[in-house]
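Colleague: sequence and predicted structure are below.
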Amino acid sequence: MAAWPKLTWDREPTGPLKGIKVVDMATVVLGPYATVQLADLGAEVIKIENSEGNTPGDLMRYAGASPTGDLGPIFAALNRNKKAINLNIKQAADKAVLTALLEGADVFIHNVRMAGMERLGFGYDEVKAINPDIVYVHCAGFGAGGAYGERQAYDDLIQAASGFAALSEQRDGGRPTYAPSLVADKVSGLFAANATMAALLARAGGQGGQFVQVPMFECFTWFHMVENLWGETFIPGNGKLGYTRSVNPRRRPYPTKDSFIAIVPYNDRQWAKFFELGGRPNVFDDPRFATYQERTKHTGELYALIEEVSATRTTAEWLDLLAANDIPAMKYNRMADVMVDPHLTDVGFFEENEGPEIGRYRSMKHPVHYAGTPASNYAHPPRLDADGEEIRAALGLSGE
């Protein structure tokens, strides 16, 4: 077995996956979102990018303005803590580099269609022959064996096909819309990171390496339908899909005298106290709102009453009053407000970094706290093929 290349990092990784070696052929958002989780947790991730074409590398490198031209803002967020090498694995010399990396790797993860990887000689059976203990993670659009198994998948397509885009139509009427976020990519990326760690745990327990497929369509539909299967959960169903609370058109920040606010009274005491504070103490005499079950049936009417009450005070007045009475509420932040949110400032969520080529840039601290093995930001996002020479030299394949 070839030795994994000895890599140098800007700072020493400290996370719980330190020592895990990952060959990452994932591009755009889903796969890189998975592998940046692993990298933040200390895994040594080598990002393989295609050297072919007029625009080599991960296309997300070029989305958005950047000081270098190849470190776009989304790419920078998704590819910190990684090494980068350009390979054209149709060529023998570059195929040898990938093969050597796989010999010493714990994980191989990619989002290339499997038929293409098999043609290139890096399907699961071929990689298993190179390294029997490897965890091979395929981020697919759709699960093998299904009607859509050979189709391409992107965030918009999955939001539409899963029924997620239909939620806005159900809530508001009119035409459906996509969520203004790459939510299907990112959710599926979290599934992929979780699946990778579960397979590594199984291997550590003596069950060996394995093939893991993470189908985007199924993952995101599972995520979406947890609450929205609703009236079709029990058989026979009643045809009512969509959790009544979340698809209600009045589920939105409530107006105040000067802005908006999020208010979520949840138990009977909190609801009663909220309306008492708002000068409407008799609301719970109405049988539509007297119990949790009835409130769930009449969510729209209840939200309409909250809007009437919330408009009677300023946001600051409500926040003080609700906090004093232990009723959950939060200030409505616009995007720019998030950057200076006092809680995020206190916990150091937004970090400022500076690299020799990228210059000063902002990144986000890994959000999960590990007392003994903290995740960290230990390496700047790599320029195109930034570590190619180092990796080839460490493998003894320079100049081949």
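Modeller: That came in fine, so what should we check first?
Colleague: could you check how many residues crowd around the closest residue to G355 other than its chain neighbours?
Modeller: The shortest distance from G355 to any non-neighbouring residue, by Cβ to Cβ, 6 or more residues apart in numbering, is to H380 (3.8 Å). Bear in mind the C-beta positions are built from the backbone N, C-alpha and C, glycine included. Residues near H380, counting by other Cβ atoms under 10 Å, number 23.
Colleague: K297 too?
Modeller: Using other Cβ under 10 Å, K297 has 13 neighbouring residues.
Colleague: what's the distance between it and R288?
Modeller: With distances taken as Cβ to Cβ, to the nearest Å, K297 is found 7 Å from R288.
Colleague: same check, this time on R360
Modeller: Relative to R288, R360 is positioned 55 Å away (Cβ to Cβ).
Colleague: higher neighbour count, those two?
Modeller: R288 (13 against 9).
Colleague: what about the strands in the stretch 251-400 of the chain?
Modeller: With DSSP state E, counting those that start in this stretch as the definition, the stretch 251-400 of the chain shows strands at residue ranges 254-255, 260-263, 329-331, 350-355, 359-364.
Colleague: out of those, the one nearest L305 is which?
Modeller: Ranking the strands of the stretch 251-400 of the chain by distance to L305, with Cβ to Cβ as the measure, places strand 254-255 first at 10.4 Å.
Colleague: what residues sit buried inside the helix or strand encompassing E227?
Modeller: Here E227 sits within helix 216-228, counting by DSSP states H and E. The neighbour-count check on helix 216-228 (16 or more other Cβ atoms under 10 Å) flags 216-221, 223-225, 228 as buried.
Colleague: residue ranges of the strands in the stretch 101-250 of the chain, please?
Modeller: Using DSSP E, counting those that start in this stretch, strands in the stretch 101-250 of the chain cover 107-110, 135-140, 210-215.
Colleague: format the ones you listed as a markdown table; extra columns: distance to K240 and mean neighbour count.
Modeller: A markdown table is the format used below for the strands of the stretch 101-250 of the chain (distance: least, Cβ to Cβ, whole Å; neighbours: other Cβ atoms under 10 Å):
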| stretch | distance to K240 | mean neighbour count |
| --- | --- | --- |
| strand 107-110 | 39 | 26 |
| strand 135-140 | 32 | 26 |
| strand 210-215 | 27 | 19 |
